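Visitor: what follows is a predicted structure for the sequence shown.
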Amino acid sequence: MIAAVAEVLDSQAYIGGPKIAELERRVAALSGCEHAIAVSSGTDALLACLMALHIGPGDEVLTSPFTFFATAGSIARTGARPVFADIDPRTFNIDPALIEQAITPRTRAIIPVHLFGQVCDMDPILEVASRHGVPVIEDAAQAIGASYKGRAAGSFGTAGCFSFYPSKNLGAAGDGGMIVTHDPALAERLAIMRNHGMQPRYFYRFIGANFRLDAVQAAVLLVKLPHLEAWSEARRRNAAWYNARFAGSAVCTPYVRPDCASIYNQYVVRLRRRDEAAEFLKARGIGTDIYYPLPLHVQDCFRYLGYSPGDFPRAEAAAREVLALPVYPEMTEEQREYVAAALLEFCAGEP
Ligand SMILES: *Cc1c(COP(=O)(O)O)cnc(C)c1O
């Protein structure tokens with residue numbers, strides 16, 4: 001990585017250039033899309049897509065209440081209204097059966113979020129979206145390289161958005177993101193959008209912003225990308241090991257649909273006494289995290305949307321019970337056993 005970064009420093013091509021183009025080619029290929037547009041973050045990938053699809057005030061965009069803030073934050077920043085539909089309690093992803101009743105004449109897009117590295121049940125989502133003529137933008141920030149029915153995350157909808165935030169399976173040395181699409185016209189619009197809507201130089205076709213990715217980040221990502229598949233495989237191995245170790249215990253292990261290959265950006269279990277369990281593990285030097293402790297429909301900043309506690313009971317239950325355990329690829333068997341034994345010790349005596 002140091003050599004790759006030094007190459008960029010020597011070239012002084014800090015914005016755009018061959019590293020960006022190469023990264024775009026590679027991510028397009030791995031996601032099964034013809035076009036990829038490198039951007040400044042996963043958040044900006046979502047925002048740029050919504051802007052490129054002319055979404056704004058008066059519009060509604062449907063998504064999950066159980067996701068990272070950026071999914072709904074980007075919708076709100078366009079002036080559109082985030083509208084939520086509850087999750088499937090087993091996968092934590094938006095429940096396709098609940099989408100239709102949340103669609104109104106103002107619905108302009110659906111953003112399914114492939115949470116924790118597992119692709120949503122895309123067939124029924126694409127079916128309802130196409131019946132209503134609504135584009136689908138995949139929030140695949142946690143799912144680069146994941147698949148559903150043999151097809152890659154990001155390739156199902158009008159556009160797919162990835163994040164290279166350092167904690168994602170493919171992490172940059174800072175912020176970064178990518179949009180993939182099959183649509184050449186949308187790809188061209190996004191490429192102009194990320195550079196203020198400028199074309200040609202100092203003439204502006206529409207109002208974009210600075211959504212560019214740094215060449216230094218592309219250089220780092222190009223070094224890491226060839227390892228992505230092996231890293232995701234190691235996470236799957238860790239997950240399978242935990243699943244077997246927790247079988248028959250009070251630890252509710254993550255459900256992955258048989259037609260999905262998860263990349264386990266997180267390995268998330270459900271526990272009735274979640275907060276106490278997290279404290280117990282912390283006292284033994286085990287890092288855990290809660291993705292996410294409060295669903296978006298009850299966040300202060302979205303009070304104006306008019307939702308109340310109880311509106312999405314499955315998301316609210318998940319927020320009370322989920323705990324992410326260490327699953328990073330370099331974990332040793334000894335480390336996995338240390339984590340599992342501690343959690344099983346905590347759960348001993350639970351029904
Ligand atoms: C990380 C993440 C984002 C935002 O990506 P950034 O690169 O951090 O801006 C959006 N959605 C989900 C589900 C994420 O996990």
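Guide: Perfect, I can see it now. Numbering: from 1, shown residues only.
Visitor: which helix runs longest in the chain?
Guide: Ranked by residue count and defined by DSSP state H, the top helix of the chain is helix 228-246.
Visitor: residues touching residue 278, list them.
Guide: 288, 290, 323 (C-beta atoms under 8 Å, 6 or more residues apart in numbering). C-beta here means a position set from N, CA and C on the backbone, and glycine is covered the same way.
Visitor: buried stuff in the longest helix of the chain?
Guide: Across helix 228-246, burial judged by 16 or more other C-beta atoms under 10 Å covers 228, 231-232, 234-236, 238-239, 241-243, 245-246.
Visitor: could you do stretch 99-111 as well?
Guide: 99, 102, 103, 107, 108, 109, 110, 111.
Visitor: got it, and stretch 149-160?
Guide: 152, 153, 154, 155, 156, 157, 158, 159, 160.
Visitor: for this protein, which residues are neighbours of the ligand?
Guide: Taking C-beta under 6 Å from any ligand atom, the part of the chain that reaches the ligand is made up of 41-43, 67-68, 70-71, 113, 139, 141-142, 163, 165, 175, 177.
Visitor: endpoints of stretch 128-143, how far apart?
Guide: 22 Å (C-alpha to C-alpha, to the nearest Å).
Visitor: kindly report the same for stretch 79-93.
Guide: 25 Å.
Visitor: residue contacts, residue 342?
Guide: With contacts defined as C-beta under 8 Å, 6+ apart, residue 342 is in contact with 280, 281, 284, 286.
Visitor: same thing but 10 Å
Guide: Shown in contact with residue 342 (C-beta atoms under 10 Å, 6 or more residues apart in numbering): 277, 280, 281, 283, 284, 285, 286, 325.
Visitor: hang on, the first one packs against residue 348?
Guide: No. Using C-beta atoms under 10 Å as the test, residue 277 is too far from residue 348 to be in contact (11.9 Å).
Visitor: quick one: common contacting residues for those two?
Guide: Counting by C-beta under 10 Å, 6+ apart, the shared contacts of residue 277 and residue 348 are residue 250.
Visitor: tell me which of those two has more neighbours.
Guide: residue 277 (22 against 9; other C-beta atoms under 10 Å).
Visitor: tell me which element the more buried one is part of?
Guide: For residue 277, the host element (DSSP states H and E) is helix 274-283.
Visitor: contacts for the next helix or strand after that helix?
Guide: Next helix or strand after helix 274-283 toward the C-terminus (DSSP H and E): helix 313-321. For helix 313-321, the surrounding residues in contact (C-beta under 10 Å, 6+ apart) are 64-67, 84-90, 92, 94-95, 98, 115, 252, 268-275, 277, 290-298, 309-310, 312.
Visitor: which residues touch residue 187?
Guide: 24, 28, 33, 34, 35, 36, 37, 52, 159, 179, 180, 181.
Visitor: in PyMOL, select just the buried ones from the residues you listed.
Guide: In PyMOL, a selection of the buried entries from the contacts of residue 187 looks like this (16+ other C-beta under 10 Å):
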select buried, resi 24+28+33+35+36+37+52+159+179+180+181
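Visitor: how near is residue 59 to residue 152?
Guide: Separation of residue 59 from residue 152 (C-beta to C-beta, to the nearest Å) stands at 28 Å.
Visitor: residue 4 too?
Guide: Distance check for residue 4 against residue 152: by C-beta to C-beta, it reads 25 Å.
Visitor: helices along the stretch 101-250 of the chain, start to end?
Guide: Secondary structure of the stretch 101-250 of the chain by DSSP state H, counting those that start in this stretch: the helices cover 122-132, 184-193, 215-224, 228-246.
Visitor: so which bits of the second one are buried?
Guide: Neighbour counts over helix 184-193 (16+ other C-beta under 10 Å) mark 186, 187, 189, 190, 191, 192, 193 as buried.
Visitor: now residue 77: how far from the ligand?
Guide: To the ligand, residue 77 is 12 Å away according to C-beta to the nearest ligand atom, to the nearest Å.
Visitor: closest one of the residues of the chain next to the ligand to the ligand?
Guide: Distance ranking of the residues of the chain next to the ligand against the ligand, using C-beta to the nearest ligand atom, places residue 42 first at 2.4 Å.
Visitor: the nearest residue to the closest one once chain neighbours are set aside pairs with what?
Guide: Once flanking residues are discounted, residue 42 sits nearest to residue 163: 2.6 Å by C-beta to C-beta, 6 or more residues apart in numbering. Going by DSSP bridges, residue 163 is paired in beta bridges with residue 177.
Visitor: can you count the residues close to residue 163?
Guide: By other C-beta under 10 Å, 31 other residues sit near residue 163.
Visitor: per-residue confidence at it?
Guide: Here the pLDDT value assigned to residue 163 is 98.
Visitor: just residue 349 next, same as before
Guide: For residue 349, pLDDT reads 66.
Visitor: and the protein, what are its domain boundaries?
Guide: 2-226, 228-347 (automatic domain parsing).
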